[in-house]
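**Student:** got a predicted structure plus its sequence, pasted below:
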Amino acid sequence: MERGKREQQKEQTRQRILEVAYRKFAEKGIEATNTADIASEAKLSHGAIFVHFKTRQEIVLKVIDDFGVELSVHITKSVGHSRTPRSILLSFTKALTKFEAFYIELLLVLPKLPENVQGSLLLVQNGFAHYLLPAVKREMEEAKFKRLGESGIMNSWFALLHYYMTNRNWYAPNKSLLKKLGKKIVNEYLELLNINK
């Protein structure tokens with residue numbers, strides 16, 4: 001009984017470390033946040049962090065992996081019943097709003113992270129393609145769809161979205177970019193594809 005309780009407390013502490021790390025990474029940045037920051041905010045000794053994680057890098061990898069899973073689930077729930085390109089894109093931007101600060105931070109540091117971590121974001125994007133591509137194909141001429149190709153359609157969406165997100169200080173300083181400009185970004189993208197729905 002005592003051992004079960006200890007294991008439960010250990011798991012709760014581990015989760016608290018991950019939750020604090022996620023918040024600190026979103027607020028301060030992944031590169032600027034150290035384990036002492038995480039320990040202080042989690043109200044743990046600095047050494048206690050290393051009882052649960054061998055290295056800072058292990059914390060970063062776990063936070064990003066958990067983030068990718070949670071974002072994918074959230075997007076699937078939000079986008080699942082949408083049928084038109086516009087409704088799918090608006091559902092996606094609305095779902096992403098919850099994760100906006102961390103997602104932007106991830107975009108900024110992604111090239112510096114290991115390939116397996118970069119794959120987490122790619123899996124989210126591929127999952128979203130499952131919803132968007134069939135809807136776009138229904139609304140676009142077959143020849144144009146083939147000319148752009150699936151990768152061109154998806155890459156142009158994420159390029160536009162990521163441009164606005166990484167430059168949010170120009171477009172929505174100290175505010176949620178997606179709440180302020182989500183519809184505008186969706187409209188710009190649909191205009192690029194010449195889709196009205």
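**Tutor:** Received, thanks.
**Student:** drop to CA atoms for contacts and neighbour counts, all remaining ones
**Tutor:** OK.
**Student:** need the contact list for Arg23.
**Tutor:** Phe102 (C-alpha atoms under 8 Å, 6 or more residues apart in numbering).
**Student:** ok, now how distant is it from Thr33?
**Tutor:** 10 Å (C-alpha to C-alpha, to the nearest Å).
**Student:** start to end distance for stretch 166-173?
**Tutor:** 12 Å.
**Student:** list the contacts of that stretch.
**Tutor:** With C-alpha under 8 Å, 6+ apart, stretch 166-173 has contacts from Ile104, Leu107, Leu108, Tyr164, Leu177, Lys180.
**Student:** and that stretch, how far from the chain's centre?
**Tutor:** 17 Å (C-alpha atoms, centre = their mean, to the nearest Å).
**Student:** for stretch 147-161, same thing?
**Tutor:** So, by C-alpha atoms, centre = their mean, the centroid of stretch 147-161 is 18 Å from its chain's centroid.
**Student:** contacting residues around that stretch?
**Tutor:** Contacts for stretch 147-161 (C-alpha under 8 Å, 6+ apart): Ala129, Leu133, Ile185, Tyr189.
**Student:** of those, closest to Gly47?
**Tutor:** Ranked by distance to Gly47 (C-alpha to C-alpha), the contacts of stretch 147-161 are led by Ala129 at 42.7 Å.
**Student:** next, the buried residues of stretch 107-118.
**Tutor:** Counting neighbours by 16 or more other C-alpha atoms under 10 Å, one finds that the buried residues in stretch 107-118 are Val117, Gln118.
**Student:** tell me the average confidence for it?
**Tutor:** Averaging pLDDT along stretch 107-118 yields 83.
**Student:** then that stretch to CSV, C-alphas only?
**Tutor:** Output in CSV follows, covering the C-alpha atoms of stretch 107-118 (Å, rounded to 0.1, in the frame of the first residue of the first chain):
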residue,chain,number,x,y,z
LEU,A,107,8.2,27.1,-34.4
LEU,A,108,11.1,29.5,-33.4
VAL,A,109,13.3,26.8,-32.0
LEU,A,110,12.3,23.8,-34.1
PRO,A,111,15.3,23.9,-36.5
LYS,A,112,17.6,23.6,-33.4
LEU,A,113,15.8,20.5,-32.0
PRO,A,114,16.5,16.9,-32.8
GLU,A,115,14.8,15.4,-35.9
ASN,A,116,12.6,13.1,-33.8
VAL,A,117,11.2,16.2,-32.0
GLN,A,118,10.6,18.0,-35.3
